[in-house]
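Engineer: Only the shape, not the letters, is given here:
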């Protein structure tokens, strides 16, 4: 890791959910709707949401991310035996259009001024545009790219081709940034320069699992989705915070 | 569900892991190798094993199931901060060649005598042949089919085409049996008749999750992977045990 990239980085492209936007911020809304279940709903929902993007892509039954997000929430509430009305359901879904930005996101984007800046996300165009507008990122991003145009989800290579098609930047000129290990691997496998944000250290992970007879749902989620995967590829850069990006870009 | 299938079933094809073979039976070996961690290793391992099959298929980086199974075990032990030597690792892996049959598997297969009987599994040819021979199923199965030939994992449609190619049975003549909801949906989406084995009832699932601040890893696994998925398709038959299959086949 930390290899120097050979060419100049002209574009920095971000994953949205979990990278610029804190998906854990839905937990307040799920807890309000179903007291005592906020954490487990949030974790099962996110795990299944991603599973459904991969499964639907493989089954050639693409539906956009708003459908997958609704379906995975419906699954979660059913599994937990929770009954609900359409109003409660829609109130939870609505949070996806108002997720919290990570605290360091705006400053990191500002520090990259002069580069093409974009989002490439599994989100549907409608969801992403609403989220980006609601949080003011429309003022700093050159493009908000949804995989919708290809009707397949990341980490399929077709999804990453949209960066060149829409931003006009070759893969070797792009730094792709994701906290999702599978996404960082998919981008690297495709040929982008990749910075992976390691938000949970291996030490913290191992310590959280020492008592293994029971674990909180958030710990189980972290064990499944925050550590680098074994998929035969290694991202170029491993960073702890978005603020490290300007240093990487300046080196090129 | 429980619709009558229009044509005669001439072949019954089974998923292997979790359907005929109890993957939870590795827990004794993982517990022996890492006391106190047997359950969490078993659950994370299985969840990641499946994830890696889907991710590698989407990334076009197919490696066979023995590689994916090793990689997902390595991931699991790393996440948990457990150190190990090659001997301990290989002893755990070896269990995949000696998984326990579900108690009702042999009798169910015997009751279907006269039909073509096969396994279609994500497992590699070597793993499957060893497992089938070690457990005596080679004497009752007409074929043990690995997705290896297509270099893509279920639920990609290409995987299910192998049934007709190898058994010579048209999709509408085949009853496909799986306890894995994503596999049942993939088979149905492809066009097979499908029986899904519901081993954990919705009631039992919801009751296990009532205390949602902490849940045992096995409960989290069940919440993720034992309830019917929301993937836009519905299996034809929902059964509780393999012994119900002969009744379904007799009706056709």
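Structural biologist: Cool, got the structure. Computed from a predicted model, the values in this text were never measured in an experiment.
Engineer: Residue A:186 contacts residue A:160, doesn't it?
Structural biologist: Yes. With contacts counted by Cβ atoms under 8 Å, residue A:186 reaches residue A:160, the gap being 7.0 Å. All C-beta spots, glycine's among them, are computed from the backbone N, C-alpha and C.
Engineer: which residues do these two both contact?
Structural biologist: residue A:154 (Cβ atoms under 8 Å, 6 or more residues apart in numbering or on different chains).
Engineer: Once you drop chain neighbours, what's closest to the one residue in the stretch 151-252 of chain A that gets nearest to chain B?
Structural biologist: Using Cβ to the nearest Cβ, residue A:206 is the residue of the stretch 151-252 of chain A that sits closest to chain B, at 2.5 Å. Using Cβ to Cβ, 6 or more residues apart in numbering or on different chains and skipping residues adjacent in sequence, the residue nearest residue A:206 is residue B:81, 2.5 Å away.
Engineer: do residue A:19 as well
Structural biologist: Nearest to residue A:19 is residue A:179, by Cβ to Cβ, 6+ apart, at 4.7 Å.
Engineer: Show the contacting residues for the one you found.
Structural biologist: Contacts of residue A:179 (Cβ under 8 Å, 6+ apart): A:15, A:18, A:19, A:196, A:197, A:198, A:199, A:226.
Engineer: Mind telling me what element the third one is part of?
Structural biologist: What it means is residue A:19. Following DSSP states H and E, there is no helix or strand that holds residue A:19.
Engineer: wait, it sits on residue A:176?
Structural biologist: No. Assessed by Cβ under 8 Å, residue A:19 is found out of contact with residue A:176, at 9.9 Å.
Engineer: More neighbours: which of those two?
Structural biologist: residue A:176 (29 against 24; other Cβ atoms under 10 Å in any protein chain shown).
Engineer: State the phi and psi torsions of the more buried one.
Structural biologist: Main-chain torsions, residue A:176, degrees, to the nearest 10: phi -100, psi 140.
Engineer: Contact partners for it?
Structural biologist: Contacts for residue A:176 (Cβ under 8 Å, 6+ apart) come out as A:13, A:14, A:15, A:120, A:160, A:163, A:184, A:187, A:192, A:193, A:194, A:195.
Engineer: and residue A:117, what element?
Structural biologist: If you go by DSSP H and E, residue A:117 is part of strand A:116-121.
Engineer: Return the list of strands paired to that strand, each annotated with direction.
Structural biologist: strand A:11-14 (parallel), strand A:143-146 (parallel) (DSSP bridges).
Engineer: wait, isn't the residue of the stretch 151-252 of chain A closest to chain B in contact with residue B:77?
Structural biologist: No. Contact criterion Cβ under 8 Å: residue A:206 and residue B:77 do not qualify, at 10.2 Å.
Engineer: Please identify which of these two sits among more neighbours.
Structural biologist: residue B:77 (22 against 16).
Engineer: and that one, that one's in a strand?
Structural biologist: No. Under DSSP: H, G, I helix; E, B strand; the rest coil, residue B:77 falls outside any strand and is assigned helix.
Engineer: that older thread, mind checking how far the residue nearest to residue A:19 is from residue B:244?
Structural biologist: Separation of residue A:179 from residue B:244 (Cβ to Cβ, to the nearest Å): 45 Å.
Engineer: now swap in residue A:97 and tell me
Structural biologist: 45 Å.
Engineer: Report how many residues lie close to residue A:157.
Structural biologist: Neighbourhood size, residue A:157 [other Cβ under 10 Å]: 18.
Engineer: same deal with residue A:136?
Structural biologist: By other Cβ under 10 Å, neighbour count at residue A:136 equals 10.
Engineer: same thing with the one 3 residues further on?
Structural biologist: For residue A:139, the number of neighbouring residues by other Cβ under 10 Å comes to 8.
Engineer: Over to residue A:57?
Structural biologist: Residue A:57, neighbours per other Cβ under 10 Å, totals 25.
Engineer: so residue A:32 touches residue A:38, yeah?
Structural biologist: Yes. Using Cβ under 8 Å, residue A:32 is in contact with residue A:38, at 7.5 Å.
Engineer: which of those two has more neighbours?
Structural biologist: residue A:38 (19 against 12).
Engineer: what's near enough to touch that one?
Structural biologist: With Cβ under 8 Å, 6+ apart, residue A:38 has these contacts: A:27, A:28, A:30, A:31, A:32.
Engineer: same deal with residue A:198?
Structural biologist: Contacts of residue A:198 (Cβ under 8 Å, 6+ apart): A:179, A:226, A:228, A:238, A:239, A:240.
Engineer: per-residue confidence at the first one?
Structural biologist: Confidence at residue A:179, expressed as pLDDT, is 98.
Engineer: Got the phi and psi for it?
Structural biologist: When read as degrees, to the nearest 10, the backbone of residue A:179 gives phi -90, psi -10.
Engineer: Only the buried residues of the longest helix along chain A, if you could.
Structural biologist: Of all the elements of type helix in chain A, the one with the most residues (DSSP state H) is helix A:38-59. Residues of helix A:38-59 classed as buried: A:38-59 (neighbour count, 16 or more other Cβ atoms under 10 Å in any protein chain shown).
Engineer: Repeat that for stretch A:220-233.
Structural biologist: Here stretch A:220-233 shows A:220-231, A:233 as buried, counting by 16+ other Cβ under 10 Å.
Engineer: In helices, which of these fall?
Structural biologist: Mapping the buried residues of stretch A:220-233 onto helices (DSSP H) picks out A:220, A:221, A:222, A:223, A:224, A:225.
Engineer: restrict those to those near chain B?
Structural biologist: Among these, the ones lying near chain B by Cβ under 8 Å from any Cβ of the partner chain are A:220, A:223, A:224.
Engineer: What score does the closest residue to the last one other than its chain neighbours have for pLDDT?
Structural biologist: What it means is residue A:224. Spatial nearest neighbour of residue A:224, excluding adjacent residues (Cβ to Cβ, 6+ apart): residue B:47 at 6.0 Å. Residue B:47 is assigned a pLDDT of 96 by the prediction.
Engineer: ok, back up a step: would a markdown table of the buried residues of stretch A:220-233 with pLDDT be doable?
Structural biologist: As requested, those are exported to a markdown table (pLDDT from 0 to 100):
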| residue | pLDDT |
| --- | --- |
| A:220 | 91 |
| A:221 | 93 |
| A:222 | 93 |
| A:223 | 93 |
| A:224 | 95 |
| A:225 | 94 |
| A:226 | 95 |
| A:227 | 96 |
| A:228 | 97 |
| A:229 | 98 |
| A:230 | 98 |
| A:231 | 98 |
| A:233 | 97 |
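Engineer: residue contacts, residue A:210?
Structural biologist: By Cβ under 8 Å, 6+ apart, the neighbours of residue A:210 are residue B:81.
Engineer: Can you name the residues bridging to the nearest residue to residue A:23 once chain neighbours are set aside?
Structural biologist: Leaving aside its sequence neighbours, residue A:23 sits nearest to residue A:17 (Cβ to Cβ, 6+ apart; 5.1 Å). Going by DSSP bridges, residue A:17 is paired in beta bridges with residue A:21.
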